[in-house]
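Peer 1: got a predicted structure here, sequence first:
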Number of protein chains: 2
Amino acid sequence: MARISFATIRRLSRYYRSLEQAESREISTISSDELARLNGLTAAQVRKDLSFFGAFGRRGLGYNVPDLKRNIAKILGLDKSWNVAVVGAGNVGRALLNFDQFKKQGFIIKLILDNDQNKIGTQIAGLQVKDMQHLAQEMRANSIEIAVICVPGHAAQKIVDMCVSEEAGVKAILNFAPVPIFVPKGIALRNINMAVEIEALSFALTNPGQL
Amino acid sequence: MARISFATIRRLSRYYRSLEQAESREISTISSDELARLNGLTAAQVRKDLSFFGAFGRRGLGYNVPDLKRNIAKILGLDKSWNVAVVGAGNVGRALLNFDQFKKQGFIIKLILDNDQNKIGTQIAGLQVKDMQHLAQEMRANSIEIAVICVPGHAAQKIVDMCVSEEAGVKAILNFAPVPIFVPKGIALRNINMAVEIEALSFALTNPGQL
């Protein structure tokens, strides 16, 4: 498989959602036109993205919905389940623990950690908050593959370094802390920075016609 | 000003944070090398981004920190304050109301709305939850410029349509609902989709060497 961009992956995730919805409405085939319309894209873009992975619709018939959904699930790794830890039991961490969609798509939150003595030992969404002092052992004991970082900016890099240490064994980081994070080669990293996204809106409001 | 990409805006937001940190440590000048190192970029990229807006460092001296910070703030619209509404008082909405960084950067949450009778009238972070039935009037009365959509996917497009109606007058949407959203021309839109971001990680774990 050729190297593909994150933009393509984002679109595959969106097609996957459209296919889920189609399946729930018992629609068995879908055209590239319809997938494009549902996602605000061109049909040419949809066909290009999907042909890249060897999925081809039949002219006049379109794509078989369950087949294409299964193919995309396999590409995105949604046909497996992943063990996830949330580091930081603040508002963002709590929101994630209550975010049903993660579990539905195979991302199982097995561990939540905090360093606040008032939070350690309490229950959130059925999970007991563990002490961050034992981060590496807890990550290893729960076979955590993905750590979601919900700690303040000043603590984030240190926590990430602990997560990706050989002892802890985490292979992917989803970072909510509003600071740049560095990971060694071979570790996957995605950042979600709410401040950056809202600043893109104030930029657009300040500079009409831009973005 | 030439049309610039969202990727550039993201980097400007990151430089702004580096400059804030430099200023808090009373550092008065900063080089493109240092800004690059702090953000995992090349110095050439930093110089290109900043020259685009007419900011030029002096060879051997670098950029004046307060001047550059002020210039970027102006470009991003952070020298003004913006009236923000949160639609949906679930976990994500609550997390946002407690997210101090928004206020610090001039994004003032003035309104929170929900349609749940058990939530309407209760207080969250000092704001009373208003009835979503009066969305347009409340948006207009509070001069809301940016609406943050934290409702379930099936309700999101309808709520967005109400927000951007002439009656409500909202000009920018930050969407947390995990569905594609459509807005009329002239309305700014950014999506934050946690499921899409975590799927990029399972893709990377499934396809080592990709992303």
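Peer 2: Nice, thanks for sending it over. Numbering: from 1, shown residues only, chains lettered A, B, ... in the order given.
Peer 1: got a pLDDT number for A:R70?
Peer 2: In this prediction, A:R70 carries a pLDDT score of 93.
Peer 1: what is the longest strand anywhere in chain A packed up against?
Peer 2: Under DSSP state E, the strand in chain A containing the largest number of residues is strand A:107-114. Using 3 or more Cβ pairs under 8 Å, 6 or more residues apart in numbering or on different chains; DSSP states H and E, the elements in contact with strand A:107-114 are strand A:82-87, helix A:91-97, helix A:100-104, strand A:127-131, helix A:135-141. C-beta coordinates here come from the backbone N, C-alpha and C atoms, glycine included.
Peer 1: helices of chain A, start to end?
Peer 2: With DSSP state H applied, chain A shows helices at A:6-24, A:32-39, A:43-51, A:65-76, A:91-97, A:100-104, A:135-141, A:153-163, A:194-206, listed in chain order.
Peer 1: identify the residues contacting the longest strand of chain A?
Peer 2: Applying Cβ atoms under 8 Å, 6 or more residues apart in numbering or on different chains, the contact partners of strand A:107-114 are A:81-89, A:93, A:96-97, A:102-103, A:120, A:124-125, A:127-132, A:135, A:138-139, A:142, A:144, A:146, B:198, B:202.
Peer 1: okay, the angle between that strand and strand A:127-131?
Peer 2: Taking axes from the mean of the first three to the mean of the last three Cα atoms, to 10 degrees, one finds that strand A:107-114 is oriented at 40 degrees with respect to strand A:127-131.
Peer 1: if you skip the residues just before and after it, what's nearest to A:I109?
Peer 2: Nearest in space to A:I109, with sequence neighbours left out and distances taken as Cβ to Cβ, 6 or more residues apart in numbering or on different chains, is A:V84 at 4.8 Å.
Peer 1: bridged to that neighbour, which residues?
Peer 2: Bridge pairing for A:V84 (DSSP bridges) gives the partners A:I109, A:I146.
Peer 1: against which helices or strands is the worst-scoring helix or strand of chain A on mean pLDDT packed?
Peer 2: Between all helices and strands in chain A, the lowest mean by mean pLDDT, DSSP states H and E belongs to helix A:100-104, at a mean of 81. For helix A:100-104, the contact count by 3+ Cβ pairs under 8 Å, 6+ apart identifies strand A:107-114, helix B:194-206 as packing neighbours.
Peer 1: lowest average confidence across those, which one?
Peer 2: Lowest mean pLDDT of the helices and strands packed on helix A:100-104: helix B:194-206, a mean of 91.
Peer 1: what's in contact with that helix?
Peer 2: Counting by Cβ under 8 Å, 6+ apart, helix B:194-206 makes contact with A:6, A:9-10, A:13-14, A:16, A:75-78, A:80, A:82, A:84, A:96, A:99, A:101-102, A:105-107, A:145-146, A:148, A:171-174, A:188, A:190, A:192, B:176, B:178, B:210-211, all of which sit outside it.
Peer 1: now swap in stretch A:21-33 and tell me
Peer 2: For stretch A:21-33, the external contacting residues (Cβ under 8 Å, 6+ apart) are A:18-19, A:43, A:46-47, A:50, A:57, A:61-66, A:68-69.
Peer 1: show me which residues of that stretch are buried.
Peer 2: Taking 16 or more other Cβ atoms under 10 Å in any protein chain shown as the basis for neighbour counts, the residues of stretch A:21-33 that come out buried are A:Q21, A:A22, A:T29, A:I30, A:S31, A:S32.
Peer 1: dig out what the fourth one forms beta bridges with.
Peer 2: Using DSSP bridges, the bridge partners assigned to A:I30 are A:Y63.
Peer 1: just the pLDDT for it.
Peer 2: Predicted confidence (pLDDT) for A:I30: 94.
Peer 1: measure it to B:L35 for me?
Peer 2: When distance is defined by Cβ to Cβ, to the nearest Å, A:I30 is 46 Å away from B:L35.
Peer 1: could you find the closest non-adjacent residue to the residue most central in space within chain A?
Peer 2: With distances taken as Cα atoms, centre = their mean, chain A has A:L174 as the residue nearest its mean C-alpha position (7.3 Å). On the basis of Cβ to Cβ, 6+ apart, the spatially nearest residue to A:L174 that is not a chain neighbour turns out to be A:V148, at 4.5 Å.
Peer 1: distance of the one you found from B:I198?
Peer 2: Distance from A:V148 to B:I198, counting by Cβ to Cβ: 8 Å.
Peer 1: which residues do the two both contact?
Peer 2: Between them, A:V148 and B:I198 share the neighbouring residues A:V84, A:L174, with contact defined by Cβ under 8 Å, 6+ apart.
Peer 1: done for today, thanks.
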